[in-house]
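Enquirer: My questions are about this predicted structure, shown below with the sequence.
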Amino acid sequence: MRKCIGCMESKPKQELLRVAFYEGILSLDTTGRAKGRGVYLCRNNVCIEKAQKRKAFSRSFSANIAQSEIDRVCEELKEVNGQANE
């Protein structure tokens, strides 16, 4: 079980998407095995947006992460969800 940083609900790892932070770079981890610290998000845009608004990425990784980096990864997450708003 892992906890979503957007809604704070615990769910099985397979139901969540992982974002990794390694050497100052934030990246979507589609394999679940990327190096670095990881956080998990539900597979919906609501949780992604909640995590952005709550500054959950910076807090979870105990690092100042550029907003542009967070925005880029959030767009990748939305594309993976197949729900990109464009």
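Expert: That came in fine, so what should we check first? Quick caveat, the model's predicted, so the values are computed rather than measured.
Enquirer: Please make it C-alpha for all contacts and neighbour counts, starting now.
Expert: Will do.
Enquirer: which SS class is the residue nearest to the spatial centre of the chain?
Expert: Centroid-nearest residue in the chain, with Cα atoms, centre = their mean: residue 19, separated by 4.4 Å. Assigned state for residue 19: strand (three-state reduction, DSSP: H, G, I helix; E, B strand; the rest coil).
Enquirer: Surely it touches residue 29?
Expert: Yes - the pair residue 19 / residue 29 is scored as a contact, 5.4 Å apart, by Cα atoms under 8 Å.
Enquirer: ok, back up a step: what score does the residue nearest to the centre of the chain have for pLDDT?
Expert: The model reports residue 19 with a pLDDT of 98.
Enquirer: what sits against it?
Expert: Listed by Cα atoms under 8 Å, 6 or more residues apart in numbering, the contact partners of residue 19 are 26-29, 38-41.
Enquirer: hmm, 7 Å instead?
Expert: 26-29, 38-40 (Cα atoms under 7 Å, 6 or more residues apart in numbering).
Enquirer: most surrounded residue in those?
Expert: Using other Cα atoms under 10 Å as the neighbour criterion, residue 40 leads those with 24 neighbours.
Enquirer: Report the rounded mean pLDDT for the helix or strand that contains that residue.
Expert: In the assignment (DSSP states H and E), residue 40 maps to strand 37-42. The average pLDDT for strand 37-42 rounds to 97.
Enquirer: next SSE after it?
Expert: helix 45-53.
Enquirer: Can you pull out the residues in contact with the helix or strand just after that following helix?
Expert: Next helix or strand after helix 45-53 toward the C-terminus (DSSP H and E): helix 56-61. Helix 56-61 is contacted from outside by 5, 51, 64-65, using Cα under 7 Å, 6+ apart.
Enquirer: repeat that for 6 Å
Expert: Helix 56-61 is touched from outside by 64-65, with contacts defined as Cα atoms under 6 Å, 6 or more residues apart in numbering.
Enquirer: buried set for it?
Expert: By neighbour count on 16 or more other Cα atoms under 10 Å, the buried set for helix 56-61 is 56-58, 61.
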